[in-house]
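Novice: 3D, please:
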Amino acid sequence: MNVFFRYVVVLMFFLGGGFVKAQSADSLLVVDDIQFDVKEFHVDEPKNELVINLFAISYSTDPREYKMNTFSTQVLDQKKQSHFFSTIQMGNVLVKFSDKQNYLHYLLEEDKPVDIQIVVKDWKQADKPAMIKLVFESSTEEGEFLEVSIPLKK
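Specialist: Got it, this is the predicted structure:
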């Protein structure tokens with residue numbers, strides 16, 4: 001009888017493990033010592049806007065400048081068509097597309113998460129967001145830009 005209970009407990013662990021939503025170390029999206037995660041995204045139907053909320057955490061021991069190339073940062077829909085942002089906000093720094101500002105500068109501190117919000121105006125209801133592509137300058141090579149593609153899944 002004791003063996004039976006052991007098998008039941010082991011079976012419960014296997015079945016219950018499917019309900020755990022924690023990320024494994026292999027599934028983390030880390031580029032240039034910065035971890036990127038999607039908090040949520042939604043379409044604001046009355047405004048016809050796509051709103052994407054991300055956060056980034058720097059693992060660098062020193063504060064570092066994060067320099068995002070705003071015009072290369074785009075949202076791709078399921079048809080792989082790219083869409084420009086209308087606003088990008090990182091922490092308290094706001095960049096509007098209409099300002100024609102090429103870069104967003106932000107000082108990242110170690111292990112201090114920062115919110116990133118990207119809004120795309122005139123988003124069509126038929127379009128489904130598939131991915132956001134962020135482009136930022138490497139911390140080791142000035143002038144070298146890195147691209148990170150973050151899948152948007154619900």
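
Novice: The chain: strands as residue ranges?
Specialist: Secondary structure of the chain by DSSP state E: the strands cover 29-31, 34-44, 49-58, 64-69, 74-77, 82-83, 87-90, 93-96, 103-108, 114-120, 129-137, 145-151.

Novice: Would you mind pulling the contact partners of the fourth one?
Specialist: Pointing back at strand 64-69 there. If you take C-beta atoms under 8 Å, 6 or more residues apart in numbering as the criterion, strand 64-69 is touched by 34, 56, 58, 88, 90, 102-108, 134-137, 139, 145. The way it works is simple: take the backbone N, C-alpha and C, and place the C-beta from them, glycine included.

Novice: how much does it deviate in direction from strand 103-108?
Specialist: Interaxial angle of strand 64-69 relative to strand 103-108 (axes from the mean of the first three to the mean of the last three C-alpha atoms, to 10 degrees): 160 degrees.

Novice: Can you give the distance from strand 64-69 to the centre of its chain?
Specialist: From the chain centre to the centre of strand 64-69 is a distance of 15 Å (C-alpha atoms, centre = their mean, to the nearest Å).

Novice: do the second one as well
Specialist: Using C-alpha atoms, centre = their mean, the distance from the centre of strand 34-44 to the centre of the chain it belongs to is 5 Å.

Novice: again, but for the last one
Specialist: Its chain's average C-alpha position is 9 Å from that of strand 145-151, according to C-alpha atoms, centre = their mean.

Novice: strands paired with it, and their directions?
Specialist: Here strand 145-151 is paired, per DSSP bridges, with strand 129-137 (antiparallel).

Novice: in the partner strand, what counts as buried?
Specialist: Neighbour-count burial for strand 129-137, with 16 or more other C-beta atoms under 10 Å as criterion, is recorded at 129-132, 134-137.

Novice: Could you do stretch 62-77 as well?
Specialist: Neighbour-count burial for stretch 62-77, with 16+ other C-beta under 10 Å as criterion, is recorded at 64, 66-70, 73-77.

Novice: Out of those residues, the closest to residue 83 would be?
Specialist: Proximity of the buried residues of stretch 62-77 to residue 83 (C-beta to C-beta) peaks at residue 75, which lies at 4.7 Å.
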